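> Just a sequence and a predicted model for now, questions to come.
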Amino acid sequence: MQKFIISSKMAQEKDIPVTFEAEITKETLKAVFVEGKGIIHENGICAQCGKPLKHKGSIILGIGPECLGSWTTRDIVLDNLTQEDIDYVHSLIITKEVKTWLPKAVIKNQNEIIFSTAEKRKEEEDFDKILIPPKKRIATLVNDDKIKIIFDFDIETLNNVKSLSKRTYKADEKIWYAALTFDNIKNLKKFGFELSDDLKDIIQNEFRIKNVKKVPITGLNGKLMPFQEEGVNFVDARKGRAIIGDEMGLGKTVQAIGYLHICKERPAIVVVPASLKGNWKKEIEKWIPNVKVKILSGTKSYKLDSNEDIIIVNYDILKGWDKELLKIKPKIMVLDESHSIKNDNTKRTKVVKSMSKKIPYIIALSGTPAVNRPIELYNVINIIEPKLFSSRKEYGLRYCNGHYNGYGMDYNGFSNLDELYEKLQTIMIRRKKSEVLTDLPDKTYSFIPFELDNTRDYNKARDDIFNWIKEIKGEHAAIKSSYAETLVRISELRQLAVRGVLKSSIEWLDNFIESSDQKIVVFAIHKEIINALMNHFGKIAVKIDGTTPVNIRQDIVDQFQTDNNIQVFVGNIKAAGVGLTLTAASNVAFLELPWTPGDLQQATDRVHRIGQKNAVNVYFLLAQNTIEEDLAYLIDSKKKILTEALDGVSSEINETNMISDLISKFKS
């Protein structure tokens with residue numbers, strides 16, 4: 001395509017603009033056939049008559065005041081243009097079709113002006129003034145969300161400004177504004193604008209994010225892995241507003257706790273799914289010395305103390321607590337499983353977005369920040385860094401294949417993902433297991449405590465067993481006199497504990513599946529629990545228990561190993577705990593525990609086998625302050641003995657002495 005300027009006489013004769021862009025499709029010695037459309041010429045030439053434009057309003061429109069009246073009856077005031085006026089006149093010019101033969105003699109050089117010699121000299125002097133590079137191009141920050149743009153007028157700078165995201169022209173001020181985004185600041189700098197100090201700071205801060213220094217984190221009750229320290233440093237470099245997007249199992253929780261520790265700002269709020277409240281309390285108290293942690297329950301709020309350290313609340317009840325929480329002026333908010341606010345229309349999303357505007361430091365944790373539907377990430381991005389994208393619409397059109405579907409805008413697709421991921425690097429740190437395997441142990445064990453929802457039934461059964469043991473004068477007498485009865489009573493108590501957290505365990509598994517792109521193997525003992533899992537997960541799960549025919553077990557294993565739609569393997573610890581290879585997963589969850597560490601290791605090793613390229617995460621989904629938690633700690637304490645046994649040293653770990661130890665611990 002070439003740009004053309006022709007004589008005004010020929011333009012009037014052909015009813016085409018003086019300035020247009022076209023292709024030459026045919027040519028003779030004296031004429032050319034051109035096909036194209038009108039343009040607003042960058043040198044400020046009237047599209048109707050070809051004369052240089054002097055008035056700033058005329059230069060913006062691309063047409064002079066005398067010619068404007070013949071193109072439109074619209075009342076347009078050049079000294080008070082609106083964006084609607086500009087768009088309207090531009091559309092008249094650029095939609096004007098050019099498709100005609102033109103004598104070569106009427107095609108002018110780009111710098112040639114067409115009128116009388118005396119007039120030409122005068123107009124060329126004025127035209128030269130227009131083309132002098134502007135002396136003033138200034139961009140400043142206003143209202144913390146807009147950029148004020150001031151410049152000596154020229155058409156090129158105007159077009160550059162009009163290319164900015166969410167730019168608006170305030171006719172009463174005769175000043176342009178644009179959304180405060182990283183891209184707009186960078187483009188203004190590229191266009192030659194002088195940035196105010198606060199805009200320079202924003203760009204400089206982005207540079208620092210890309211060059212984060214690794215500083216050891218001290219004072220915790222434990223040592224972070226190197227990549228976890230790097231995550232804390234990243235959040236700190238981001239001034240406490242960042243997304244930790246590591247893969248499941250790399251310790252996003254402990255990295256957030258690390259920042260809570262070094263930041264020291266209080267109070268802090270941790271917003272989590274209900275099933276994770278107990279685990280967060282346990283982890284915070286484990287890592288941070290002398291910290292006070294409060295868990296909020298129920299929707300009926302009471303007055304909070306402004307001296308609170310860390311408050312844990314679940315998404316479902318946050319709406320009932322938001323006013324009380326804001327009264328104590330929280331400084332930090334951690335959003336665990338931040339995909340929980342992906343839906344714009346939910347109460348939880350609305351209250352999180354509202355509260356976040358009044359809290360200076362916000363950390364979002366998400367195991368799957370790069371999803372197939374990027375629109376689900378927009379709310380979190382906008383909360384963490386509003387400057388990254390100017391609007392949901394802009395984001396949706398660019399990265400979600402936004403289009404009109406006949407009913408409204410559809411943002412459920414994806415597009416330009418490489419560009420999106422590049423931009424996310426300024427606010428998000430994400431590592432995969434494969435990138436940090438040298439820092440990871442072969443297996444990582446995590447205890448996930450849940451509150452019972454059948455406390456009364458459990459406590460009654462516990463008291464009955466305790467009284468029974470007292471009546472027969474001690475645990476050893478109980479075991480020797482009636483081992484079978486002892487086992488039955490304890491097994492019933494264990495089942496009550498598992499039933500009491502089954503709902504929470506399933507919620508935790510749902511969160512795991514939604515927030516990671518990984519498979520998981522789930523072990524249980526009783527048919528009731530296994531059937532509940534299969535009923536819930538349906539088509540995305542397979543199972544092997546005592547009822548599964550031997551001749552089809554390998555087919556079930558193969559389905560789990562090869563079918564990407566199957567995300568959950570449910571196994572009975574005895575039936576599926578030996579002989580199977582389940583390396584498609586690197587995550588194991590126990591809803592019920594075996595009696596011995598040997599059985600536990602056998603089950604875990606279905607995943608931790610030759611061919612497993614990832615470190616294995618083992619999760620114990622347990623009822624806190626119950627016999628199941630006691631058994632878990634007993635098994636953990638026996639690991640050293642088990643290791644000795646595997647190395648050929650004699651060992652006496654069996655069901656009987658585990659029961660004896662458990663009763664002793666249970667009584668204490």
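Here it is on my side, so go on. Residues are numbered from 1 along each chain as shown.
> where do the helices sit along the stretch 301-450 of the chain?
Secondary structure of the stretch 301-450 of the chain (DSSP state H, counting those that start in this stretch): helices at 318-327, 347-356, 378-384, 392-399, 417-424, 433-436.
> distance between the shortest one and the chain's centre?
Just to be clear, that refers to helix 433-436. 20 Å (CA atoms, centre = their mean, to the nearest Å).
> List the contacts of Arg392.
Arg392 sits next to 378, 382, 411 when contact means CB atoms under 8 Å, 6 or more residues apart in numbering. For the C-beta atoms, the positions are set from N, CA and C on the backbone; glycine is no exception.
> To Gln83, which of the helices of the stretch 301-450 of the chain lies closest?
helix 392-399 (16.8 Å; CB to CB).
> The contacts of Arg392 into JSON lines, with extra columns for neighbour count and pLDDT?
Shown next, in JSON lines, are the contacts of Arg392 (neighbours: other CB atoms under 10 Å; pLDDT from 0 to 100):
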{"residue": "Tyr378", "neighbour count": "20", "pLDDT": "91"}
{"residue": "Asn382", "neighbour count": "17", "pLDDT": "92"}
{"residue": "Tyr411", "neighbour count": "21", "pLDDT": "87"}
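> and the helix or strand where Ala256 lies, how far out from the chain's middle?
Assessed by DSSP states H and E, Ala256 sits inside helix 252-263. Here the centre of helix 252-263 is set off from its chain's centre by 18 Å, with CA atoms, centre = their mean.
> same question, stretch 394-409
19 Å.
> Quick one: residues in contact with the helix or strand hosting Ser504.
Take DSSP H and E as the rule and Ser504 turns out to sit in helix 502-515. The contact list for helix 502-515 (CB under 8 Å, 6+ apart) reads 248, 273-276, 337, 339, 366-368, 448, 450-451, 453, 518, 520, 522, 529, 532-533, 536-537, 540, 567-568, 587, 589, 591, 621.
> try 7 Å
With CB atoms under 7 Å, 6 or more residues apart in numbering as the test, helix 502-515 has contacts from 248, 273-275, 337, 339, 366-368, 448, 450, 453, 520, 522, 529, 532, 536, 567, 589, 591, 621.
> follow-up on the earlier one: which residues are in contact with the helix holding Ala256?
217, 219-220, 224, 228, 231-232, 235-236, 240, 244, 246, 268, 280, 283-284, 287-288, 310, 332, 334, 361, 363, 365.
> returning to that earlier point: pick the most buried one from the helices of the stretch 301-450 of the chain.
Sort the helices of the stretch 301-450 of the chain by mean neighbour count, taking mean count of other CB atoms under 10 Å, and helix 378-384 sits at the top with a mean of 22.
> Run through the neighbouring helices and strands of that one.
The elements that helix 378-384 packs onto, with contact taken as 3 or more CB pairs under 7 Å, 6 or more residues apart in numbering; DSSP states H and E, are strand 241-244, helix 347-356, strand 361-365.
> Columns distance to Thr438 on top of those, output as TSV?
Formatted as TSV, the helices and strands packed on helix 378-384 follow (distance: least, CB to CB, whole Å):
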stretch	distance to Thr438
strand 241-244	20
helix 347-356	36
strand 361-365	23
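> so which of these gets nearest Gly44?
Ranking these by proximity to Gly44 (CB to CB) places strand 241-244 first, at 44.1 Å.
> List the pairing partners of that closest one within its sheet, with orientation.
strand 361-365 (parallel), strand 428-429 (parallel) (DSSP bridges).
> just to revisit the earlier point, which one of the helices of the stretch 301-450 of the chain has the poorest average confidence?
Of all the helices of the stretch 301-450 of the chain, mean pLDDT reaches its minimum on helix 433-436 (a mean of 75).
> ok, and what's touching that one?
So helix 433-436 is contacted by 227, 247, 249-250, 440, 614-615 (CB under 7 Å, 6+ apart).
> same deal with stretch 572-579?
Outside stretch 572-579, the residues touching it (CB under 7 Å, 6+ apart) are 523-525, 530, 544-546, 548, 571, 594, 599, 602-603, 606.
> Can you say which of those are buried?
For the contacts of stretch 572-579, a burial check counting by 16 or more other CB atoms under 10 Å picks out 523-525, 530, 544-545, 548, 571, 594, 599, 602-603, 606.
> Confirm for me that Ile544 is in contact with Ile556.
Yes - the criterion here is CB atoms under 7 Å, and Ile544 meets it with Ile556 at 5.7 Å.
> Show the contacting residues for Ala603.
Per CB under 7 Å, 6+ apart, neighbours of Ala603: 523, 573, 577, 594.
> out of those residues, which are inside strands?
Counting by DSSP state E, those place Phe523 in strands.
> Flag the least confident of the contacts of Ala603.
Lowest pLDDT among the contacts of Ala603: Gly577, 75.
> give me phi/psi at that one?
When read as degrees, to the nearest 10, the backbone of Gly577 gives phi -80, psi -10.
> Then Gly222?
Gly222 adopts backbone torsions of phi 150, psi 170, taken as degrees, to the nearest 10.
> on that earlier part again, I'd like the contacts of helix 433-436 laid out as a markdown table, including pLDDT and neighbour count.
A markdown table is the format used below for the contacts of helix 433-436 (pLDDT from 0 to 100; neighbours: other CB atoms under 10 Å):
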| residue | pLDDT | neighbour count |
| --- | --- | --- |
| Phe227 | 89 | 19 |
| Glu247 | 80 | 21 |
| Gly249 | 77 | 22 |
| Leu250 | 83 | 27 |
| Leu440 | 67 | 18 |
| Asn614 | 74 | 20 |
| Ala615 | 78 | 19 |
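> shouldn't Gln175 be in contact with Ile150?
Heads up, residue 175 is Ile, not Gln. Yes - at 6.5 Å, Ile175 counts as touching Ile150 under the criterion of CB under 7 Å.
> closest to Lys51 out of the strands paired with strand 241-244?
Across the strands paired with strand 241-244, closest to Lys51 is strand 428-429 (CB to CB), at 53.6 Å.
> Surely Phe389 and Arg398 touch.
No - assessed by CB under 7 Å, Phe389 is found out of contact with Arg398, at 8.2 Å.
> ok, back up a step: just the buried ones from the contacts of helix 502-515, in PyMOL syntax?
Buried members of the contacts of helix 502-515, defined by 16+ other CB under 10 Å, are picked up in PyMOL with:
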select buried, resi 248+273+274+275+337+339+366+367+368+448+450+520+522+529+532+536+567+589+591+621
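> No more questions from me, cheers.
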